[in-house]
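J.: quick one: sequence plus predicted model below, questions after.
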Number of protein chains: 2
Amino acid sequence: MILDSENLSLYDLYRLLSGTVLPRPIAFVSTVSPDGVFNLAPFSFYTILCSKPAMLGISIARRDGQKKDTVRNIELTGDFVVNVVTEELTERMNITAADYPLGIDEFQEAKLTPLESDMVKSPRLAESPVNMECRLDRVLEFGRVPTSSFVIGEVVRFHIKDEFYQNGRIDFKKMRPIGRLAGDSYCRISDLFDMKRPGE
Amino acid sequence: MILDSENLSLYDLYRLLSGTVLPRPIAFVSTVSPDGVFNLAPFSFYTILCSKPAMLGISIARRDGQKKDTVRNIELTGDFVVNVVTEELTERMNITAADYPLGIDEFQEAKLTPLESDMVKSPRLAESPVNMECRLDRVLEFGRVPTSSFVIGEVVRFHIKDEFYQNGRIDFKKMRPIGRLAGDSYCRISDLFDMKRPGE
């Protein structure tokens, strides 16, 4: 089967890409609007860009041609927090993924707890085992008419619950993050295996 | 536990980020040098950027301060292919992850089969269920002294083995891709579940 991108619609391409590039980590992003309304939403087009400085990138698609609240807040305040989604948080994360009108606080909708951050204005998520306070570095727009904002931020401070931290490492087996697949599917990371690189 | 990035080394930050941002998809990237030597290597700092045009981004760290062959080839030829790593390909992928000197063809080392691509110079991997032929869009450098190249490419053609394609979707359950965790760990996507977004 050969498919050329130029003959495919945005939705066709979205289905192919999201079914091929997986499993994906989930950035559960908390922000605040200039008038103080909190926002929380999950995104899975998300990657590490660089270790020092610690840079993350998250691509956030527009909705009906408009930037989502997350992107607007980040551009207005210059910061955001990335929280980890664990198995335990799955259903509450899903509640935040609905299309709420501007001005609705997804923390309240999902009965989740915002905590004040130390170095940024955006709140962090109390229920999450790791919070990364990020300062906006830049936003790159993708798409012919822009359809996606690639938000690049620098992690300035990590909050890690003690039980998930061990000798400089995250105990991810205990943390039990979930991964995003395509369609309505997600995966747990329970079916894991180890493999050393040759020569190590 | 609170950790500030400015007090952490590149290696400390690498361990925290790779233990927090997971599970990660794996881009198994095939390229060719200007003198015709093939290269194949896996990278997991990898994301979808945009659906139309279909854009992917892969962050590739330098080794001993030097760009890896993958990045050099991509900059010289202007293209690359991203292949999917399945459970079946795991051990052979691992062989390609060793530090080979320039001029070594990882396809040969791992007994994998390069096929000619249609629209790019880089080869594609016969054993992979999906190959995405990509044209280089741009490379962004990250790090104070640059330490990572974020390679952005546009998927121009998809090759999908018929058994993994169904009505515009990839049958990812059948494809069985593996995900990258931290340290020496990987995961299968066998432990999956479905969850509809509210209102859908």
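T.: That came through, no problem.
J.: backbone phi and psi for residue A:7, please?
T.: phi -100, psi 0 (degrees, to the nearest 10).
J.: check residue A:92 too.
T.: Residue torsions, per degrees, to the nearest 10, at residue A:92 are phi -70, psi -40.
J.: for the nearest residue to it once chain neighbours are set aside, the count of nearby residues, please.
T.: Taking C-beta to C-beta, 6 or more residues apart in numbering or on different chains, and ignoring the residues beside it in sequence, residue A:92 has residue A:110 as its nearest neighbour in space, at 4.3 Å. For glycine as for every other residue, the C-beta is placed from the backbone atoms N, C-alpha and C. By the measure other C-beta atoms under 10 Å in any protein chain shown, the count of residues near residue A:110 is 20.
J.: ok, residue A:110 - contacts?
T.: Residues in contact with residue A:110 (C-beta atoms under 8 Å, 6 or more residues apart in numbering or on different chains) are A:40, A:92-93, A:95-96.
J.: ok, these vs residue B:143, which is closest?
T.: residue A:40 (30.3 Å; C-beta to C-beta).
J.: could you report the neighbour count for the closest one?
T.: 28.
J.: then residue A:62?
T.: That count, for residue A:62 with other C-beta under 10 Å as the rule, works out to 16.
J.: am I right that it is in contact with residue A:70?
T.: No: using C-beta atoms under 8 Å, residue A:62 makes no contact with residue A:70, being 11.2 Å away.
J.: one step back: out of the contacts of residue A:110, who's the most crowded?
T.: Counting by other C-beta under 10 Å, top hit in those: residue A:40 with 28 neighbours.
J.: pretty sure it sits in a strand.
T.: Yes: Residue A:40: assigned to a strand according to DSSP: H, G, I helix; E, B strand; the rest coil.
J.: OK, contacts around the nearest residue to it once chain neighbours are set aside?
T.: Once flanking residues are discounted, residue A:40 sits nearest to residue A:106: 4.1 Å by C-beta to C-beta, 6+ apart. Applying C-beta under 8 Å, 6+ apart, we find residue A:106 in contact with A:38-41, A:95-96, A:100, A:112.
J.: just those residues now: which is nearest chain B?
T.: Using C-beta to the nearest C-beta, residue A:95 is the member of the contacts of residue A:106 that lies nearest chain B, at 6.3 Å.
J.: what about that closest one, which SS state?
T.: Per three-state DSSP, residue A:95 ends up helix.
J.: where's residue A:149 relative to chain B, distance?
T.: Remark: distance between residue A:149 and chain B (C-beta to the nearest C-beta, to the nearest Å) = 10 Å.
J.: please disregard the earlier target; I meant residue A:14.
T.: 4 Å.
J.: burial of that residue, as a residue count?
T.: Residue A:14 - counted by other C-beta under 10 Å - has 18 other residues nearby.
J.: packing partners of the helix or strand harbouring it?
T.: Element membership of residue A:14, judged by DSSP states H and E, is helix A:10-20. Secondary-structure packing of helix A:10-20 (3 or more C-beta pairs under 8 Å, 6 or more residues apart in numbering or on different chains; DSSP states H and E): strand B:148-160, strand B:169-170.
J.: any chance of those strands in TSV with mean neighbour count and mean pLDDT as columns?
T.: Below are those laid out as TSV (neighbours: other C-beta atoms under 10 Å in any protein chain shown; pLDDT from 0 to 100):
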stretch	mean neighbour count	mean pLDDT
strand B:148-160	22	98
strand B:169-170	20	98
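J.: Serialize those strands to JSON lines and add fields for distance to residue B:135.
T.: Listed next are these as JSON lines, based on distance: least, C-beta to C-beta, whole Å:
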{"stretch": "strand B:148-160", "distance to residue B:135": "5"}
{"stretch": "strand B:169-170", "distance to residue B:135": "21"}
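J.: in chain A, which spans are helices?
T.: A:10-20, A:69-77, A:90-96, A:106-109, A:172-175 (DSSP state H).
J.: closest to residue B:133 out of those?
T.: helix A:10-20 (12.8 Å).
J.: and the closest one, average pLDDT?
T.: Average pLDDT, helix A:10-20: 98.
J.: buried stuff in it?
T.: Neighbour-count burial for helix A:10-20, counted by 16 or more other C-beta atoms under 10 Å in any protein chain shown, picks out A:10, A:12-20.
J.: and residue A:51, what does it touch?
T.: B:10-11, B:13-14, B:17, B:61, B:147-148.
J.: residue contacts, the residue nearest to residue A:123 when sequence neighbours are not counted?
T.: Once flanking residues are discounted, residue A:123 sits nearest to residue A:114: 3.7 Å by C-beta to C-beta, 6+ apart. Residues in contact with residue A:114 (C-beta under 8 Å, 6+ apart) are A:30, A:38, A:40, A:107, A:123-126.
J.: same question for residue A:42.
T.: A:26-29, A:85, A:93, A:96-97 are the contacts of residue A:42 under C-beta under 8 Å, 6+ apart.
J.: read off the pLDDT value for the residue nearest to residue A:40.
T.: So residue A:106 comes in at 94 (pLDDT).
J.: swap in the one 4 residues further on?
T.: As predicted, residue A:110 sits at a pLDDT of 96.
J.: how much space separates it from residue A:81?
T.: 16 Å (C-beta to C-beta, to the nearest Å).
J.: now swap in residue A:130 and tell me
T.: In this view, residue A:130 and residue A:81 are 10 Å apart by C-beta to C-beta.
J.: over to residue A:13?
T.: Applying C-beta to C-beta to residue A:13 and residue A:81 gives a distance of 30 Å.
J.: ditto for residue A:179
T.: In terms of C-beta to C-beta, residue A:179 sits 20 Å off from residue A:81.
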